[in-house]
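# Need a 3D model of the sequence below.
(chains A, B, C and D)
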2 protein chains.
Amino acid sequence: MKRAEGRSTCPTNFTVETFGDSWSLLIMRDLLTLGKHTFGEFLRSEERIGPSVLADRLARLERSGIIVRTPSETDARKVTYSATERGIAAIPLLYEAARWGMGGVPIEQDDPWEAVMAMDRHDVLDAWQQAVREGGSLLGGAESAFARLSARVRAVV
Amino acid sequence: MKRAEGRSTCPTNFTVETFGDSWSLLIMRDLLTLGKHTFGEFLRSEERIGPSVLADRLARLERSGIIVRTPSETDARKVTYSATERGIAAIPLLYEAARWGMGGVPIEQDDPWEAVMAMDRHDVLDAWQQAVREGGSLLGGAESAFARLSARVRAVV
DNA sequence: GGCATTGACTTTGATCATCAAAGTGACTTA
DNA sequence: TAAGTCACTTTGATGATCAAAGTCAATGCC
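The predicted structure is shown next:
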């Protein structure tokens, strides 16, 4: 992305300047949806991001106040990344990106996104944001927002 | 954007492959929010897009089934572009992009986005989609979705 | 303690997209 | 007919991205 920044004060343009490249939104996906937190985890993205672009984008997201990096207490080589409140505020954007994208990819058996989109949007976003604040994510791990929402549905039936 | 396409079947990735560049979402903004329809109108974007990138992106969006181009009946030079249903389905994404972006730009006096975001999200999206189907947009012109919603609010008070 | 592995990057060089500016050909208007 | 307008296309410089290799520090195992 070669475009000069600050080309306008339009909010949409600001979002495009932050996420309008090939990789930043995918990194946010891996962080907020799958619960990835380390450089190595992000590197193992489905789309095969390279180390130089990953390092660049993480630095940019950090500079923009969207993520923070914390050295690991148990391993001096490791850094963990997590979302700020500003990063968490991008969850509805991620939700809509996934929703729109579902119209363009083959629906796979047991696709979690399908189940997520069948739930109440407001409930999903609330549970997602809460899970992220507690160190979780939408889909990653047993304590995911999705697992909690599904358990809730099961408890009602 | 140099990334190979089809790097994964993830819906988010699909959306990124469609809109994850510096310009495509801004073109959608101009079409759906401001009601721009011609090459020349898009060229006069606030961000000063150039003719070669504009032509390339319009062709891409058309190829993806998001917009259609129609030769003008009154002027053989003119082409008008409008959104397909697939394009209209990106309205919630545009809404969330604007909403997130508002957290990063100075709030200006009489900013229409502020008024829009103060309205019920569901009402906004419905009115916006309907306006676009009828040839209108969110903010452009007297028959905009925003004007209609504002008149509704005024009628209630 | 030495060695192999791992973690987070950085470097390298080829490739490609983007940028700004100028140009093109067809159409419209005065 | 000449000038202006429309939707592009072309040109050449620049910078970002890509894939692969490398670097340095930390960890774990023998």
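# in the lowest-mean-pLDDT helix or strand in chain A, what counts as buried?
When the helices and strands of chain A are scored by mean pLDDT, DSSP states H and E, helix A:145-156 comes last with a mean of 87. The neighbour-count check on helix A:145-156 (16 or more other Cβ atoms under 10 Å in any protein chain shown) flags A:145-149 as buried. (C-beta placed from N, C-alpha, C; glycine too.)
# those helices in chain A, which residues are they?
Here chain A has its helices, by DSSP state H, at A:11-19, A:24-32, A:39-43, A:51-63, A:85-88, A:91-102, A:112-118, A:121-133, A:145-156.
# Comparing these, which yields the minimum mean pLDDT?
The stretch with the lowest mean pLDDT among these is helix A:145-156, at a mean of 87.
# Which other helices and strands does that helix contact?
helix A:112-118, helix A:121-133 (3 or more Cβ pairs under 8 Å, 6 or more residues apart in numbering or on different chains; DSSP states H and E).
# Could you check the angle that helix makes with helix A:91-102?
80 degrees (axes from the mean of the first three to the mean of the last three Cα atoms, to 10 degrees).
# Can you pull out the residues in contact with helix A:145-156?
A:112, A:115-116, A:119, A:123-124, A:127-128, A:130-131, A:136-139, A:141 (Cβ atoms under 8 Å, 6 or more residues apart in numbering or on different chains).
# The buried residues of helix A:145-156 into JSON lines, with extra columns for distance to DNA strand C?
JSON lines is the format used below for the buried residues of helix A:145-156 (distance: Cβ to the nearest atom of the strand, whole Å):
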{"residue": "A:Ala145", "distance to DNA strand C": "24"}
{"residue": "A:Phe146", "distance to DNA strand C": "25"}
{"residue": "A:Ala147", "distance to DNA strand C": "25"}
{"residue": "A:Arg148", "distance to DNA strand C": "28"}
{"residue": "A:Leu149", "distance to DNA strand C": "30"}
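# Same list (these) but as a markdown table, adding distance to B:Lys36.
As requested, the buried residues of helix A:145-156 are exported to a markdown table (distance: Cβ to Cβ, whole Å):
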| residue | distance to B:Lys36 |
| --- | --- |
| A:Ala145 | 38 |
| A:Phe146 | 39 |
| A:Ala147 | 44 |
| A:Arg148 | 43 |
| A:Leu149 | 40 |
